[in-house]
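Trainee: this is a predicted model, with the sequence first.
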Amino acid sequence: FVHYYYEVVIASPQPTSAQIKAGLPKNSRIGYGLAKELNLLSKLEQLSNEEYKTITERIHETTNGTSLMLGSHLRLGFSMRTGDLNAPVGYDKWSYGVRDVRGSRIHQSKREDNWGRGYNVSFGPGDVIGCWITLLPAETGEAKANKHSGYDTASSTKQQPVTTNHIRFFCNGKSMGALDTIGTKTRTGGEAFDNIASGTYYPAISTYMGGSARVNFGPHFIYNPNKQIPSGKDWSCIRPVSDLSPPPPNPEEAVSLAMKGRNFSKKTEEAAIEKFKDAVRTESGLRYDAYEKFKSRHLEFVRAEREIRGISTEDLPLLPSAQDTIEKVAESTGVEDMQIENIGSMAEAVALIATGV
């Protein structure tokens with residue numbers, strides 16, 4: 001099995017009723033249903049907000065967990081290279097997606113609203129959607145893919161452990177597909193799409209009317225879906241999508257690689273060779289520094305999002321700036337070989353150093 005995972009933070013705010021009206025052509029007419037939703041949105045915006053709630057949360061309360069059809073929308077999922085780029089995710093047989101309204105799953109333009117038996121829910125700004133794909137080796141999955149329908153046909157509690165190519169989704173760390181429990185511990189099911197064709201898949205997002213999101217390809221995630229997947233399988237090899245893009249070599253590694261691929265003649269002057277090495281170091285150094293800065297920003301983002309949601313950050317490494325500070329303080333106080341992997345913050349680590357722990 002090969003399991004890849006990425007998550008999406010829904011970022012766009014719900015447009016106001018005034019913004020929607022301003023965007024309509026002059027003298028345009030809208031249907032009764034959309035007009036009713038527009039009036040509802042206008043009323044919800046005027047309510048006092050004594051208890052903090054987003055517009056999305058108010059809409060969910062008023063509409064029994066569904067979203068309004070007007071405004072911005074998103075579809076998330078996976079697509080093969082042959083998927084139509086001028087159409088939304090799930091439009092053809094090459095892509096599979098889930099949409100923000102009711103958490104519906106869509107494939108080949110066929111929408112299914114209740115596929116998760118109540119666990120597939122609408123999502124909006126602030127929600128985090130996890131996208132997981134499992135692929136078998138081509139020689140194993142190919143035969144199964146010949147009879148694929150794109151949908152999970154098993155709906156009873158007698159589902160067997162997953163042994164096929166499949167896709168599953170999570171909303172704020174919870175499976176959007178129903179997980180059936182057999183006995184006290186065994187969990188099965190939860191796939192949004194089962195028996196999908198073997199091949200190369202890419203993360204895919206479609207936006208509508210200004211919908212936007214922030215994609216997190218890893219290696220660190222806001223939510224860990226490991227407790228929301230079937231049991232009885234080895235899921236420890238889950239890989240972030242970021243693993244598909246190896247990190248750049250540091251300057252010295254880049255020089256070594258460049259020298260292996262460059263055969264200088266014996267007549268080449270040493271100064272010319274050194275100039276070549278300096279050019280490689282400069283270029284690779286810029287790339288490597290940019291990568292290190294990205295890692296730091298990525299870690300800051302994940303840590304901040306977890307803290308907002310009250311999720312533990314113990315499994316996250318310290319930020320590079322914090323680690324450097326701790327090492328300097330440790331050196332000045334004579335504390336050596338300090339274990340900082342499980343320390344939650346720089347302040348906590350410095351406090352421990354100060355007490356000699």
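Mentor: Cool, got the structure.
Trainee: what residues are up against residue 283?
Mentor: For residue 283, the contacting residues are residue 254, by Cβ atoms under 8 Å, 6 or more residues apart in numbering. Any C-beta I mention is one placed from the backbone N, CA and C, and that applies to glycine too.
Trainee: residue 297 versus that one, what's the distance?
Mentor: 22 Å (Cβ to Cβ, to the nearest Å).
Trainee: now residue 223
Mentor: Shown here: residue 223 relative to residue 297, a distance of 19 Å by Cβ to Cβ.
Trainee: between the two, which has more neighbouring residues?
Mentor: For residue 223 and residue 297, the more surrounded residue by other Cβ atoms under 10 Å is residue 223, and the numbers stand at 19 against 11.
Trainee: verify the stated contact: the more buried one with residue 130.
Mentor: Yes. With contacts defined as Cβ atoms under 8 Å, residue 223 counts as touching residue 130 at a distance of 6.2 Å.
Trainee: ok, now which ones touch the residue sitting furthest away from the middle of the chain?
Mentor: Computed with Cα atoms, centre = their mean, the residue of the chain farthest from its C-alpha average is residue 267, at 53.2 Å. For residue 267, no contacting residues are found, by Cβ under 8 Å, 6+ apart.
Trainee: for residue 89, same thing?
Mentor: For residue 89, counting by Cβ under 8 Å, 6+ apart, the contacting residues are 75, 76, 77, 79, 83, 95, 96, 97, 106, 204, 205, 206.
Trainee: so the fifth one: helix, strand or coil?
Mentor: Right, the one you point to is residue 83. Secondary structure for residue 83, judged by DSSP: H, G, I helix; E, B strand; the rest coil, is coil.
Trainee: which ones are touching it?
Mentor: With contact taken as Cβ under 8 Å, 6+ apart, residue 83 is in contact with 89, 91, 92, 94, 95, 204.
Trainee: mind putting the residues you listed in TSV, distance to residue 218 and pLDDT included?
Mentor: Listed next are these as TSV, based on distance: Cβ to Cβ, whole Å; pLDDT from 0 to 100:
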residue	distance to residue 218	pLDDT
89	20	96
91	27	96
92	28	95
94	24	96
95	22	97
204	17	97
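Trainee: what's the pLDDT at residue 179?
Mentor: According to the prediction, residue 179 has pLDDT 83.
Trainee: that one bridge partners, please.
Mentor: In this entry, residue 179 is beta-bridged to residue 189, by DSSP bridges.
Trainee: before we move on, the earlier item: inside strands: which ones of the contacts of residue 89?
Mentor: Using DSSP state E, the members of those that fall in strands are 75, 76, 77, 79, 95, 96, 97, 106, 204, 205, 206.
Trainee: and which of those residues is nearest residue 167?
Mentor: Checking these against residue 167 with Cβ to Cβ, the nearest one is residue 96 at 5.3 Å.
Trainee: report the beta-bridge partner residues of the closest one.
Mentor: Under DSSP bridges, the residues paired with residue 96 across the bridge are residue 78, residue 107.
Trainee: how far away is it from residue 173?
Mentor: Following Cβ to Cβ, the distance that separates residue 96 from residue 173 is 21 Å.
Trainee: which of these two has more neighbours?
Mentor: Neighbour totals were compared for residue 96 and residue 173, and residue 96 leads with 30 against 18 (other Cβ under 10 Å).
Trainee: contact partners for the more buried one?
Mentor: Contacts for residue 96 were tallied using Cβ under 8 Å, 6+ apart; they are 77-79, 89-90, 105-107, 150, 167, 192-193, 196.
Trainee: could you rerun that using 7 Å?
Mentor: Applying Cβ atoms under 7 Å, 6 or more residues apart in numbering to residue 96 gives the contacts 77, 78, 90, 107, 150, 167, 193, 196.
Trainee: give me the element residue 40 is part of.
Mentor: Of the helices and strands defined by DSSP states H and E, residue 40 is found in helix 32-45.
Trainee: oh, that last question was meant for residue 279, not what I typed.
Mentor: With secondary structure defined by DSSP H and E, residue 279 is part of helix 270-309.
Trainee: average pLDDT across that helix?
Mentor: The predicted confidence, averaged over helix 270-309, sits at 94.
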